[in-house]
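Engineer: Predicted structure and sequence below. I'll ask about it afterward.
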Amino acid sequence: MGEILKVIGLMSGTSLDGVDAALLDTDGEAVAIPGPGLTQPYDAAMRAGLRAALDAAKAVAPGDAVPAAISDAECALTDVHAEVVRRLLTEAGLTAGEVALIGFHGQTILHRPDQRRTWQIGDGDRLAAATGIDVVNDFRVADVAAGGQGAPFAPLYHAALVRAAKDLKLPVTVVNIGGVANVTYVGRDTILAFDTGPGNAPLDDWMMRHTGQPLDRDAALARTGRIREDIVAAMLGNPYFAKPPPKSLDRLDFSFDAVEGLSSADGAATLVAFTAASIARAAEHFPERVTAWIVCGGGRIGRAGGPVLLRWASSRPSVRPRRLRTRTPACFACRSSCRWPCPGSWQARSSRSR
């Protein structure tokens, strides 16, 4: 084991719901001491600004000027992350000088690996200046530019946790449900990771359209609806699901168009069923049947999946909800600082606080 560094990981995923932050003592390979973490939800203005940036990014060609909707969102996003770092330091009883690095994922607003493009907003220099801690960010761009997928983000970290666990028998799959859902299959000698399909993004957008709320908390609406199995089957006909990995998705690749015309409850139930079914189909690409599914992320069972995801879970050998993703940027930041390789051709950008 190399030098152990105290690192903060910051994650703002495609759920667009807030910032997750966590402390981690690590050497970049092993998780030495998982520290405290917290979540700070975005307010309505922040969510709206990020959504505007997401929509604006679709029209921006390489080399174009960055629209104000995106640059404004980047500044606001960075400042919120700085607030979260200060709050985490206070709650942990630490000073900035006791933390070696911040791993800052930023916010994905465009992901088109087939065009060798991915775009995460978040100003590392601004965050470093605001917190007094060196920042490592922009993790995905180099891999995508080299022809990789740049996603999922967390397989090495997930594999390290799974292989260190005493109560898990390989192979195991970690499911991360954010705006997009993805899996990491961890076998004895194999790590396989890919996006499975939509996570909670279509449901969240449906909720905003029909109720003005950013999510279906505890599946309050979806549990009252009727699942349209014919629509779920039709959506599963998308060729993406049969495509072998590696593969990844943009948040907007799947929408709620297929459930237009349904009641708000039936649409919510059907979208959650689609997410569950698309996750289940990921097993078609696994080398072996897994012994357990570990579920994490902003859209895990307790957030909005409710009874529909639990129905899917009941057919799996073992499903365990856990909080994992926040510490991934911390692990990558440490690897970058030590000049150790990240997945594939991944490289990161560093910003000095002083």
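Structural biologist: Arrived safely, thanks for sending.
Engineer: contacts and neighbour counts: CA atoms only from here.
Structural biologist: Will do.
Engineer: what sits against residue 41?
Structural biologist: Counting by Cα atoms under 8 Å, 6 or more residues apart in numbering, residue 41 touches 17, 18, 19.
Engineer: rerun that using 6 Å as the cut-off
Structural biologist: 17, 18 (Cα atoms under 6 Å, 6 or more residues apart in numbering).
Engineer: for it, which residues make a bridge with it?
Structural biologist: Taking DSSP bridges as the rule, residue 41 bridges to residue 18.
Engineer: Show me the helices in this protein, by range?
Structural biologist: Per DSSP state H, the chain carries helices over the ranges 44-57, 68-92, 124-131, 141-145, 155-164, 201-211, 229-235, 264-281, 306-314, 328-337.
Engineer: Buried ones in stretch 247-256, by neighbour count?
Structural biologist: Buried positions in stretch 247-256, judged by neighbour count with 16 or more other Cα atoms under 10 Å: 247, 248, 249, 250, 251, 252, 254, 256.
Engineer: Same list (those) but as JSON lines, adding pLDDT and distance to residue 71.
Structural biologist: Below are the buried residues of stretch 247-256 laid out as JSON lines (pLDDT from 0 to 100; distance: Cα to Cα, whole Å):
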{"residue": "247", "pLDDT": "95", "distance to residue 71": "29"}
{"residue": "248", "pLDDT": "91", "distance to residue 71": "25"}
{"residue": "249", "pLDDT": "93", "distance to residue 71": "23"}
{"residue": "250", "pLDDT": "88", "distance to residue 71": "20"}
{"residue": "251", "pLDDT": "90", "distance to residue 71": "20"}
{"residue": "252", "pLDDT": "87", "distance to residue 71": "20"}
{"residue": "254", "pLDDT": "89", "distance to residue 71": "26"}
{"residue": "256", "pLDDT": "90", "distance to residue 71": "28"}
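Engineer: how about the residues you listed in TSV, adding distance to residue 137?
Structural biologist: Output for the buried residues of stretch 247-256, formatted as TSV (distance: Cα to Cα, whole Å):
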residue	distance to residue 137
247	22
248	20
249	21
250	19
251	20
252	23
254	27
256	32
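Engineer: nearest to residue 237, of those?
Structural biologist: Closest approach to residue 237 among the buried residues of stretch 247-256 (Cα to Cα): residue 254, at 12.7 Å.
Engineer: The closest residue to that closest one other than its chain neighbours and residue 241: what is the separation?
Structural biologist: In space, and not counting its chain neighbours, residue 254 is closest to residue 198: 6.2 Å by Cα to Cα, 6 or more residues apart in numbering. According to Cα to Cα, to the nearest Å, residue 198 and residue 241 sit 11 Å apart.
Engineer: Spatially, which two of the buried residues of stretch 247-256 are the most separated?
Structural biologist: Greatest spacing in the buried residues of stretch 247-256, by Cα to Cα: 247 and 256 (21.4 Å).
Engineer: Stretch 187-196 spans what distance, first to last residue?
Structural biologist: One end of stretch 187-196 to the other measures 18 Å (Cα to Cα).
Engineer: quick thing: my sequence starts at 114, can you match it?
Structural biologist: Yes, from this point I'll number from 114; that puts the last item at stretch 300-309.
Engineer: Would you mind pulling the contact partners of it?
Structural biologist: With Cα under 6 Å, 6+ apart as the contact definition, stretch 300-309 has outside contacts at 265, 283-284, 294-298, 359-361, 392, 395.
Engineer: Please identify the buried residues of it?
Structural biologist: For stretch 300-309, a neighbour-count test (16+ other Cα under 10 Å) marks 300, 304, 305, 306, 307, 308, 309 as buried.
Engineer: what's the closest of the residues you listed to residue 187?
Structural biologist: Using Cα to Cα, the buried residues of stretch 300-309 come closest to residue 187 at residue 308, 25.2 Å.
Engineer: Beta-bridge partners for the closest residue to that closest one other than its chain neighbours, please?
Structural biologist: Nearest residue to residue 308, sequence neighbours excluded (Cα to Cα, 6+ apart): residue 295, at 3.9 Å. Beta-bridge pairing for residue 295 (DSSP bridges): residue 289, residue 308.
Engineer: now residue 295: how far from residue 185?
Structural biologist: Going from residue 295 to residue 185 by Cα to Cα gives 29 Å.
Engineer: out of these two, which sits in the busier spot?
Structural biologist: Neighbours of residue 295 and residue 185, each counted by other Cα atoms under 10 Å, are more numerous for residue 295; the result is 28 against 14.
Engineer: thought the more buried one was touching residue 271?
Structural biologist: No: contact between residue 295 and residue 271 fails when scored by Cα atoms under 6 Å: they sit 11.8 Å apart.
Engineer: How about the contacts made by residue 317?
Structural biologist: 327, 328.
Engineer: Ok, residue 392 next?
Structural biologist: Taking Cα under 6 Å, 6+ apart, we find residue 392 in contact with residue 309.
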